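J.: can you look at this prediction? I've put the sequence above it.
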Amino acid sequence: MATTSKLPLAVGLVWLCIAATAAHAQSPAPGGLRFPEQLREQVDLLVDPFLETGRGVGMVVGVVKGDRTWVFGYGSVARGSARTPDGNTVFEIGSATKTFSGILTAALIQEGRMDLTQPIERYLPPGVKVPSRDGRKITVTDLVTHSSGLPYHATNGDEKNPHGRFAGYTPEQLYRFLGSFKLDRSPGTRYDYSNVGAGLVSHAAALVTHKTFEAMVKERITGPLGMNDTAIALAPELQARKAQGYDADLNPVLGEEIGTLEGAGALRSTANDMLTYLKANLGLVKTPCGPAMALSHNPLFTVNDFLRVGIFWHVLKDGAVFHSGATTGFHSFQGFSPADKAGVVVLSNCMNAPAAELIGLYTLGFACGRPCPPVKLDMPVTLAPAALDSCVGEFRTGSGDLFVVSREGSRLVISKAGCKAVVLYPKSPTEFDQRAATGTIAFHRDAQGKATGLTIQDNGKSVTAERLPGRSPPPAPTATVEGGQ
């Protein structure tokens with residue numbers, strides 16, 4: 001559930017670039033690329049750079065085009081293991097779970113049991129207070145389009161829980177958060193990705209049906225489609241097939257749990273099951289939830305000129321539909337083009353933004369007849385301790401946000417005040433990447449080489465912070481994978 005909040009915008013921009021490349025290309029490659037004959041070759045060119053540069057452990061890429069499917073496995077299910085993941089390997093799919101929530105919500109709308117225009121509080125227990133602003137209440141539409149004004153995460157999770165801050169999160173905790181949160185704008189006015197908002201919708205649907213989210217998924221989606229390897233609670237046989245998850249630094253992590261918010265990102269699945277799911281969304285296989293799937297793809301909110309949002313699905317200008325996902329140890333992408341009857345799923349057992357999205361988008365582009373440009377990744381450089389120390393300090397933006405840069409052994413970590421730290425990977429003495437999120441950080445240095453400020457660049461936007469003089473930073477919080485989807 002750690003998908004970066006700005007990642008859908010970045011995905012849309014990448015897809016536009018692929019489309020533009022296709023529109024101007026005289027030929028995809030010398031002699032022309034052939035699908036599907038060169039599919040494996042093209043996927044290899046996309047995946048190998050991530051694994052060869054230490055940006056992943058194992059991946060599975062699945063492709064559907066019409067009535068044919070392909071599955072390719074890479075790397076290993078765990079570091080030191082000789083077993084390569086395949087179509088039956090179980091991965092956490094993170095926020096891709098939201099699309100299941102969207103289909104369930106769409107089904108209840110079609111049955112007249114929920115209404116997009118109604119305030120969400122209508123479906124919650126009496127007395128539960130949901131924030132509002134300027135007389136405008138949060139509706140179901142606001143929540144499924146990420147325009148409610150609710151934050152990325154609820155603020156009352158347990159940061160020390162090894163299974164994630166929301167493991168064991170109860171309805172009462174959710175209600176307390178809602179009752180205390182103050183909106184800074186009217187609902188329905190701006191897209192701002194919200195995990196807690198998505199979890200609230202699935203919780204409301206569970207109350208309406210008197211069933212758990214997992215039971216609804218099995219009854220309406222995975223059961224009829226025969227997706228027997230998709231679940232939240234894994235039976236021993238599925239647990240034995242689950243890949244080990246790793247953070248962006250390739251440290252093993254425990255499985256993530258999110259309690260009452262499970263509809264926002266708790267499902268586990270396989271590439272084979274997710275290909276079945278994509279085929280159903282493409283209308284290539286018949287299922288009772290087919291009409292609800294179609295409804296969930298319909299755009300309800302316009303983010304910008306190239307991106308719209310349906311019932312949790314993100315819809316691009318040319319009609320392509322996608323959603324990605326991440327947990328503390330996994331990363332996923334699912335996308336499809338209805339016009340081309342093509343779809344792609346990428347599952348990775350490493351939380352490394354935006355690997356799954358790039359691989360998924362370029363593979364989907366190739367399946368749709370568009371050129372598949374090579375992925376070029378910068379190799380991290382090694383900096384001397386003195387060069388790292390020169391970046392350590394506290395940096396404040398013009399709006400008052402405080403960023404703390406600290407050194408942990410041979411690496412730098414950065415954290416926003418009150419948040420966990422994220423590891424920085426040097427591309428040069430001044431520029432660093434964040435593998436756990438999109439964006440780069442560039443340090444400004446004086447004549448002596450000491451950092452006097454920094455600039456964070458992300459999706460075409462930049463934020464500059466000036467170093468606070470004469471202050472030593474506090475000890476760094478424990479570095480973690482902290483999504484910005």
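T.: Ah, there it is. Numbers count the residues shown, from 1 in each chain.

J.: so which residues of the stretch 1-150 of the chain form helices?
T.: In the stretch 1-150 of the chain, the segments counted as helices under DSSP state H, counting those that start in this stretch are 7-24, 39-52, 97-110, 140-144.

J.: surely residue 189 and residue 146 touch.
T.: No: between residue 189 and residue 146 there is no contact under Cβ atoms under 8 Å: 11.9 Å. Any C-beta I mention is one placed from the backbone N, CA and C, and that applies to glycine too.

J.: so those two - more neighbours on which side?
T.: More crowded of residue 189 and residue 146, by other Cβ atoms under 10 Å: residue 146, with 26 against 14.

J.: low-confidence ranges, the stretch 1-150 of the chain, go.
T.: 1-33 (pLDDT under 70).

J.: could you redo the last one with a cut-off of 80?
T.: 1-34 (pLDDT under 80).

J.: got it, and the stretch 351-485 of the chain?
T.: 353-354, 370-380, 417-421, 434-439, 458-461, 470-485.

J.: just the strands in it please.
T.: In the stretch 351-485 of the chain, the segments counted as strands under DSSP state E, counting those that start in this stretch are 393-397, 402-408, 411-416, 422-426, 431-433, 440-445, 451-458, 461-467.

J.: nearest to residue 40, of those strands?
T.: strand 431-433 (28.7 Å; Cβ to Cβ).

J.: can you list the strands that the closest one pairs with?
T.: Under the criterion DSSP bridges, strand 431-433 sits next to strand 422-426 (antiparallel), strand 440-445 (antiparallel) in its sheet.

J.: quick one, which of the ones you listed is packed in tightest?
T.: strand 422-426 (a mean of 22; mean count of other Cβ atoms under 10 Å).

J.: and that strand with strand 411-416, angle?
T.: Calculated by axes from the mean of the first three to the mean of the last three Cα atoms, to 10 degrees, strand 422-426 forms an angle of 130 degrees with strand 411-416.

J.: next one: strand 422-426 to chain centre, how far?
T.: Centroid separation for strand 422-426 versus its chain: 19 Å, with Cα atoms, centre = their mean, to the nearest Å.

J.: again with stretch 86-101
T.: That offset, for stretch 86-101, works out to 11 Å (Cα atoms, centre = their mean).

J.: ok, back up a step: tabulate the strands paired with strand 431-433 (a markdown table), appending distance to residue 329.
T.: Formatted as a markdown table, the strands paired with strand 431-433 follow (distance: least, Cβ to Cβ, whole Å):
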| stretch | distance to residue 329 |
| --- | --- |
| strand 422-426 | 15 |
| strand 440-445 | 24 |
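
J.: which stretch among those strands comes nearest residue 89?
T.: Of the strands paired with strand 431-433, nearest to residue 89 by Cβ to Cβ is strand 422-426, at 26.5 Å.

J.: and residue 216, that one's in a helix?
T.: Yes: counting by DSSP: H, G, I helix; E, B strand; the rest coil, residue 216 is located in a helix.

J.: how much space separates it from residue 245?
T.: Distance of residue 216 to residue 245, given as Cβ to Cβ, to the nearest Å: 26 Å.

J.: now residue 65
T.: Distance from residue 65 to residue 245, by Cβ to Cβ: 30 Å.

J.: give me the element residue 334 is part of.
T.: Using DSSP states H and E, residue 334 falls within strand 331-337.

J.: okay, the angle between the helix or strand just after that strand and strand 331-337?
T.: Counting by DSSP H and E, the element after strand 331-337 in chain order, helix or strand, is strand 342-348. Interaxial angle, strand 342-348 versus strand 331-337 (the same axes, to 10 degrees): 180 degrees.

J.: what pairs with strand 342-348, parallel or antiparallel?
T.: Here, using DSSP bridges, strand 342-348 pairs with strand 58-65 (antiparallel), strand 331-337 (antiparallel).

J.: want to throw those into TSV with mean neighbour count and distance to residue 139?
T.: TSV is the format used below for these (neighbours: other Cβ atoms under 10 Å; distance: least, Cβ to Cβ, whole Å):
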stretch	mean neighbour count	distance to residue 139
strand 58-65	26	34
strand 331-337	28	26
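
J.: please name whichever of these is nearest to residue 447.
T.: strand 331-337 (41.3 Å).

J.: where do the strands sit along the stretch 201-350 of the chain?
T.: So, for the stretch 201-350 of the chain - with DSSP E, counting those that start in this stretch - the strands run 245-246, 252-253, 268-269, 301-302, 307-309, 314-316, 321-326, 331-337, 342-348.

J.: nearest to residue 406, of those strands?
T.: strand 252-253 (21.3 Å).

J.: packing partners of the closest one?
T.: strand 245-246 (3 or more Cβ pairs under 8 Å, 6 or more residues apart in numbering; DSSP states H and E).

J.: now the strand it packs on: how far from the chain's centre is it?
T.: 15 Å.

J.: other SSEs contacting it?
T.: Taking 3+ Cβ pairs under 8 Å, 6+ apart as the contact cut, strand 245-246 packs with strand 252-253.

J.: partner strands of the strand it packs on, with direction?
T.: strand 245-246 (antiparallel).

J.: who touches the partner strand?
T.: 57, 79, 92, 252-256, 327-330, 349-351 (Cβ atoms under 8 Å, 6 or more residues apart in numbering).

J.: so which of the strands of the stretch 351-485 of the chain gets nearest residue 232?
T.: Comparing the strands of the stretch 351-485 of the chain by Cβ to Cβ, strand 422-426 comes nearest, at 27.4 Å.

J.: residue contacts, the closest residue to residue 398 other than its chain neighbours?
T.: In this structure, residue 398 finds its nearest non-sequential neighbour in residue 464, 7.4 Å apart by Cβ to Cβ, 6 or more residues apart in numbering. Counting by Cβ under 8 Å, 6+ apart, residue 464 makes contact with 397-398, 453-456.
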